[in-house]
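>>> Prediction below, plus the sequence it came from.
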Amino acid sequence: MERYFHSVTLDADKCCGCTNCIKRCPTEAIRVRNGKAQIISERCIDCGECIRVCPHHAKKAKSDPLSIIENKKYKIAIPAPALFGQFNNLDDIDVVLTGLKEMGFDHVFEVSRGAELVSEATRRLMAEGKLQRPVISSACPAVVRLIRVRFPDLCAHVLPMDSPMEITARLAKKEAVEKTGLPMEEIGAYFITPCAAKVTDVKEPIGSGRSWVDGAISISEIFPKLSHVMDKLEQIEPIGCSGLIGVSWAGSGGEAAALLNEKYLAADGVENIIRVLEELEDERLRELDFVELNACSGGCVGGVLTVENAYVAKARLQRLRKYLPVSCNHLEKDFLPKMMWTDELEFAPVLNLSNDLEEAMRMMEEIDRICAELPGLDCGSCGAPSCRALAEDMVRGEARKSDCIFVLREQIQDMASTLSSMGGFIPKHHTEEEP
């Protein structure tokens, strides 16, 4: 079986088998078996929903430690704009950027700069009619992976362009080569990430063969030390070079609004984006030109690796925007082709029953038959998210019908009725002493 890297991991010792996670997973990638949750690797999209809902903190996101920056001679921090929303009363992003340099980075290059380039490139491609509409943003890797496994007909609508994170890392490293004279392999670009899906995207990029990012450090890890350093700054360096268009990408609707097109839709939260994708698949949203989807509620500010409430952070960014110019970054003439994916987005049939059509049809009929015999309550007590998922697991040989507590109760009642009908008759036991 093909192995996948995942930033979302399970601590089995903390798992109590409560089934909270299985109901929220958008790809039905979690089962509870033998009292413990199990993540089906090929189905997981690292959206982090299970991390949010687990009351026992058994799910967690794996990111790189801050010490990873010591692996390179020249270290560049590329912070996500969501980082700026974590701090109260911030009116100058240079305070955050200078703080990062004080923490040991040689240079800081905001991801919001790359976001402004993506916005301009998207506007240009849409004006030239080179994209299939409605165009679906490719900025959220969890959404892109969700489309790959659940909505194959929409793959052609996904914007085939590198994320702001990748574009920023590429520009930052090339600038550093020119500035320092060091070879590329001695320069490291480290993303300060708000979410688990971005960590996975660094390890296994979508659309391109390799990532320009050398590590992904969580906002939650860097925040305490950065806050302490920021409080003691004596001088602020004028490092920032991004405007409100780039910084607004941190919240839901920021990317779409930057296109200066009224025919757009912006949705956030896994349950909401699934409904939008279903309507797109059914061609009920034909009037739209662009669709921005964020797996995290509120946008990137709602990532599981942030420290502040998503909507508080979004409000802080709204205040910060007042002090920013509209945009500070513009495309160079020959750079747009370098931003495009080198590989097409292809359907990943991880949810298929079988690669053999005849066998898949037979399994589907068997699932329908088993489903009709199950209670249809979708309670999750069996360890699967729905009765149909349990039926599918049974057909795959990974579960039993008696895993359903209602079926098991009926079986026990039938057994009790059988014993009762025997009238308490117990065969007489003969011994050798009896005549």
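All right, it came through fine. Residues are numbered from 1 along each chain as shown.

>>> Report the contact partners of the spatially closest residue to Cys241 that is not a sequence neighbour.
In space, and not counting its chain neighbours, Cys241 is closest to Cys328: 5.1 Å by Cβ to Cβ, 6 or more residues apart in numbering. Where C-beta positions appear, they are placed from N, C-alpha and C, glycine not excepted. Applying Cβ atoms under 8 Å, 6 or more residues apart in numbering to Cys328 gives the contacts Arg113, Glu116, Cys241, Ser242, Gly243, Gly246.

>>> which helices and strands does whichever helix or strand the first one is part of pack with?
It refers to Arg113. Element membership of Arg113 [criterion: DSSP states H and E] is helix 111-127. When contacts are defined as 3 or more Cβ pairs under 8 Å, 6 or more residues apart in numbering; DSSP states H and E, helix 111-127 sits against helix 164-180, helix 244-247, helix 254-257, helix 336-339.

>>> Out of those, flag the one nearest Lys322.
helix 244-247 (8.5 Å; Cβ to Cβ).

>>> what residues does the closest one touch?
So helix 244-247 is in contact with 81, 84, 93, 110-116, 119, 164, 254, 258, 317, 320-321, 324-329, going by Cβ under 8 Å, 6+ apart.

>>> one more time with 10 Å, if that's ok
81-82, 84-85, 93, 110-120, 164, 168, 240, 254-255, 257-260, 317-318, 320-329 (Cβ atoms under 10 Å, 6 or more residues apart in numbering).

>>> Rounded mean pLDDT for that helix, please.
Confidence for helix 244-247, expressed as mean pLDDT, is 95.

>>> And for stretch 109-121?
pLDDT averaged over stretch 109-121 gives 97.

>>> Repeat that for stretch 412-419.
So the average pLDDT for stretch 412-419 ends up being 85.

>>> Tell me how far it lies from the chain's centre.
48 Å (Cα atoms, centre = their mean, to the nearest Å).

>>> do the same with stretch 379-389
Distance, centroid of stretch 379-389 to centroid of chain: 23 Å (Cα atoms, centre = their mean).

>>> before we move on, what about stretch 300-313?
Centre-to-centre, stretch 300-313 and its host chain are 14 Å apart (Cα atoms, centre = their mean).

>>> do the same with stretch 249-256
16 Å.

>>> same question, stretch 334-345
That offset, for stretch 334-345, works out to 22 Å (Cα atoms, centre = their mean).

>>> next one: stretch 324-331
Distance, stretch centre to chain centre, for stretch 324-331: 28 Å (Cα atoms, centre = their mean).

>>> tell me how far the ends of it are from each other?
By Cα to Cα, to the nearest Å, the extent of stretch 324-331 from end to end equals 19 Å.

>>> What are the buried residues along that stretch?
Neighbour counts over stretch 324-331 (16 or more other Cβ atoms under 10 Å) mark Leu324, Ser327, Cys328, Asn329, Leu331 as buried.

>>> mind giving me JSON lines with those and columns for pLDDT, secondary structure and distance to Ala348?
Formatted as JSON lines, the buried residues of stretch 324-331 follow (pLDDT from 0 to 100; DSSP: H, G, I helix; E, B strand; the rest coil; distance: Cβ to Cβ, whole Å):
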{"residue": "Leu324", "pLDDT": "91", "secondary structure": "coil", "distance to Ala348": "39"}
{"residue": "Ser327", "pLDDT": "92", "secondary structure": "coil", "distance to Ala348": "35"}
{"residue": "Cys328", "pLDDT": "93", "secondary structure": "coil", "distance to Ala348": "37"}
{"residue": "Asn329", "pLDDT": "95", "secondary structure": "coil", "distance to Ala348": "33"}
{"residue": "Leu331", "pLDDT": "92", "secondary structure": "coil", "distance to Ala348": "31"}
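
>>> Please name the nearest non-neighbouring residue to Glu166.
Closest to Glu166 by Cβ to Cβ, 6+ apart is Trp212, at 5.5 Å.

>>> returning to what we had before: okay, the residue nearest to Cys241 and Ala115: tell me how far apart.
Using Cβ to Cβ, to the nearest Å, one gets 11 Å for the distance from Cys328 to Ala115.

>>> what's the pLDDT at Arg3?
Reported pLDDT at Arg3 in the predicted model: 58.

>>> ditto for Asn89
For Asn89, pLDDT reads 88.

>>> Break the chain into its domains for me.
8-61, 66-133+157-261+300-339, 357-421 (automatic domain parsing).

>>> how about a markdown table for those, with distance to Leu146 added?
Below are the domains of the chain laid out as a markdown table (distance: least, Cβ to Cβ, whole Å):
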| stretch | distance to Leu146 |
| --- | --- |
| domain 8-61 | 5 |
| domain 66-133+157-261+300-339 | 10 |
| domain 357-421 | 16 |
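
>>> So for Glu281, which of these sits nearest?
domain 66-133+157-261+300-339 (9.8 Å).

>>> ok, Asn352 touching Glu392?
No - the criterion here is Cβ atoms under 10 Å, and Asn352 misses it with Glu392 at 11.1 Å.
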